[in-house]
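Colleague: next input, structure requested:
(one chain, ligands or ions: 1)
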Amino acid sequence: MKLAVIYDSKSGNTLKAAEWIAEGMNRQKGAEAEIFFINEVNEEFVKEAKGVVIGGPTYASLMSPALREWLMSAGKIGLAGKLGGAFATEQYTHGGAELVIQSILMNELVFGMLIFSGGGSFGRPVIHIGPVGVNGNTEKHNDMKYYRDYFMIYGERFASKAWELFKEEEKRDHKIAPISPPQGHYIPSRENPDITYLDSLRAKYGSEVYDIDPFIEVFKTSDNSWALRAAGPNAVGDNWCYLVEGPEKALLIDNAYGIGDLKGLCEMLVEGKEVLTAVTHNHGDHSYGSLQWDEVYCHDYCADILEESLRLTEDEYRKKWDEFIDFFGTRRQFFTEEDLVPYKPFKCIHLEDHDMINLGEDYNIELIHTGGHAPGLAVFLDKKGRVLYTGDAIFESLVPGLGIGINGRRRKMDADKLLPPMLHEECLDVRYFASQLRALAKRVNEFDRCADGHGAIDSLPRVVTDLNEAIEAVLKDPHAYTDTVKTSFGTGYIMQRGIANCRYNDPDTLLD
Ligand SMILES: Cc1cc2nc3c(=O)[nH]c(=O)nc-3n(C[C@H](O)[C@H](O)[C@H](O)COP(=O)(O)O)c2cc1C
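Modeller: Residues are numbered from 1 along each chain as shown. So this is what the prediction gives:
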């Protein structure tokens, strides 16, 4: 839900107030607040916004002429029906700022806006018709910094009222999970580079967001399978989780970050059948949702690593989660503590390479261990549905460098980053990954579609053989990379073949 804070400011006091209001707004569920100086208003954003708060300095107990002029032409944006609020700053405790607020609110009424006043409805601090900040230019006991909390609290209250009023409309209008995909948005569609890949999927499959878990966008990819876009709470980007329904049970492959009721959503989609979960690998963006289940299927090595983290206390576990969310550039404003799945240890079911998960009758999902990106990384083959779910092992190169085929000498990188050494790290080696992929490439006629962990959900099977070729090329000469990309871990080296690519960290030491 977009919220706009529009301000006039000459010497920066009202700008500060606008920033605090937006910060407070962004603490609220569903809010995406932005501030705009009156001469630089993004009208498209304001048109889509459900709430607009307008503020300015006090000049001779009136609003500034610039703000007045802007308000005179603001009707053209179409503000009717939006929630409206006002704020002001002044130099003297009795300088007239409330008169400014009052006349802004009057303008908003004329526009047909719904007027918000925290007033008596929220209790203390009571902010009658809008927050005022008094600067410290002349009065020693005053300073803008003393008013920070008032503006933040006002922003929070405003956003929570707007969410209460407009959340149903938001979901209906956008049909997307409230978190916009930091990564997914930038993937152009194959057919039309002017629209995003996600939009092309929406056109192809349709998509739904359900109240039970508003953090997930659901694409029905066949009669018995769904791709679930789990909105990413950090810059890692969105994740794909995949639900496959068998005759008796369903399986969710990967379970994202543990925000929202993913299990409940899956059970709803398969109309009450038991839903098992499996994870391709231990990384938090694929496995933190496991807390919702009593047991989780994964490769033996992945299980060993997950069990290590289950030895942590609840506080340590949550701290690890927090660090993961914040490390990559947090997007916490889209969820609250209440949306997080409470900590509950789960049991790991250790699977070996080629073990099956049976979903009733002869409906089997085969686990195939690849290693590479994570020691226990496995892909899952839906043998009846003929789909290969590849997690972070095999990517189509919708964007150069998105593919994360191999991490190579991950341990070295981890040591640099002070991450703990990993169990079974021998499987991170490119040669191990290559040998597993070589075998998988021979089975390419067993599936019609590949679906990965962050990018494409409808890749051609050749993505596997193309990646196999890319890896063989890496083994031959790691310096023959076709591209490089900057990542949060430094430079990534990319080998591109056909529709696939892989990324690795250090061509000098990859094969040591
Ligand atoms: C022309 C002019 C008139 C002002 N009149 C008042 C006033 O009547 N009452 C008051 O408290 N402050 C008055 N001020 C001070 C500003 O309202 C105050 O410093 C405000 O915080 C400035 O906001 P800004 O830093 O966002 O530009 C006036 C300032 C100017 C430049």
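Colleague: tell me which element the residue in the stretch 1-150 of the chain positioned nearest to the ligand falls in.
Modeller: Nearest residue of the stretch 1-150 of the chain to the ligand (CB to the nearest ligand atom) works out as Gly95 at 1.9 Å. To be clear about C-beta, it is placed using only N, CA and C from the backbone, and glycine gets the same treatment. Assigned by DSSP states H and E, Gly95 falls within no helix or strand.
Colleague: confirm Glu338 sits in a helix?
Modeller: Yes - the assignment for Glu338 by DSSP: H, G, I helix; E, B strand; the rest coil puts it in a helix.
Colleague: wait, what's in contact with it?
Modeller: Going by CB atoms under 8 Å, 6 or more residues apart in numbering, Glu338 touches no other residue.
Colleague: next one, pLDDT for it please.
Modeller: pLDDT, Glu338: 81.
Colleague: about what we covered before: surely the residue of the stretch 1-150 of the chain closest to the ligand touches Ala60?
Modeller: No - using CB atoms under 8 Å, Gly95 makes no contact with Ala60, being 9.4 Å away.
Colleague: okay, these two: which has more neighbours?
Modeller: Gly95 (22 against 8; other CB atoms under 10 Å).
Colleague: ok, and the closest non-adjacent residue to the more buried one?
Modeller: Spatial nearest neighbour of Gly95, chain neighbours left out: Thr58 (5.3 Å); criterion: CB to CB, 6 or more residues apart in numbering.
Colleague: do Thr465 as well
Modeller: Sequence neighbours aside, Ala441 is the residue nearest to Thr465 in space, at 4.8 Å (criterion: CB to CB, 6+ apart).
Colleague: the one you found: neighbour count?
Modeller: Residues near Ala441, counting by other CB under 10 Å, number 18.
Colleague: for it, which residues are in contact?
Modeller: Neighbours of Ala441 in contact, by CB under 8 Å, 6+ apart: Val464, Thr465, Asn468.
Colleague: quick one: the strands in the stretch 351-500 of the chain, in order.
Modeller: With strands called from DSSP state E, counting those that start in this stretch, the stretch 351-500 of the chain shows them at 356-358, 364-369, 378-382, 387-391, 449-452, 483-487, 490-497, 500-504.
Colleague: out of the ones you listed, the one nearest Phe433 is which?
Modeller: When the strands of the stretch 351-500 of the chain are compared by CB to CB, strand 500-504 sits nearest Phe433, at 8.7 Å.
Colleague: now the closest one: mean pLDDT?
Modeller: The average pLDDT for strand 500-504 rounds to 88.
Colleague: can you give me how far that strand is from the chain middle?
Modeller: Here strand 500-504 is found 23 Å from its chain centre; the criterion is CA atoms, centre = their mean, to the nearest Å.
Colleague: what about the closest residue to Leu109 other than its chain neighbours, distance to His128?
Modeller: Excluding its sequence neighbours, the residue lying closest to Leu109 (CB to CB, 6+ apart) is Ile115, at 6.1 Å. Distance, Ile115 to His128, using CB to CB, to the nearest Å: 13 Å.
Colleague: what do you get for Arg438?
Modeller: 72 Å.
Colleague: how near is the residue most central in space within the chain to the ligand?
Modeller: Centroid-nearest residue in the chain: Gly232, 1.7 Å away (criterion: CA atoms, centre = their mean). According to CB to the nearest ligand atom, to the nearest Å, Gly232 and the ligand sit 36 Å apart.
Colleague: so for that residue, what's the pLDDT?
Modeller: Value for Gly232, per-residue pLDDT: 78.
Colleague: number of nearby residues for Thr277?
Modeller: Thr277 has 26 neighbouring residues, counting by other CB under 10 Å.
Colleague: specify the beta-bridge partners of it.
Modeller: Leu252 (DSSP bridges).
Colleague: from now on call the first residue 13
Modeller: Sure, I'll start counting at 13 from here, so that last one is Thr289.
Colleague: per-residue pLDDT, it?
Modeller: As predicted, Thr289 sits at a pLDDT of 98.
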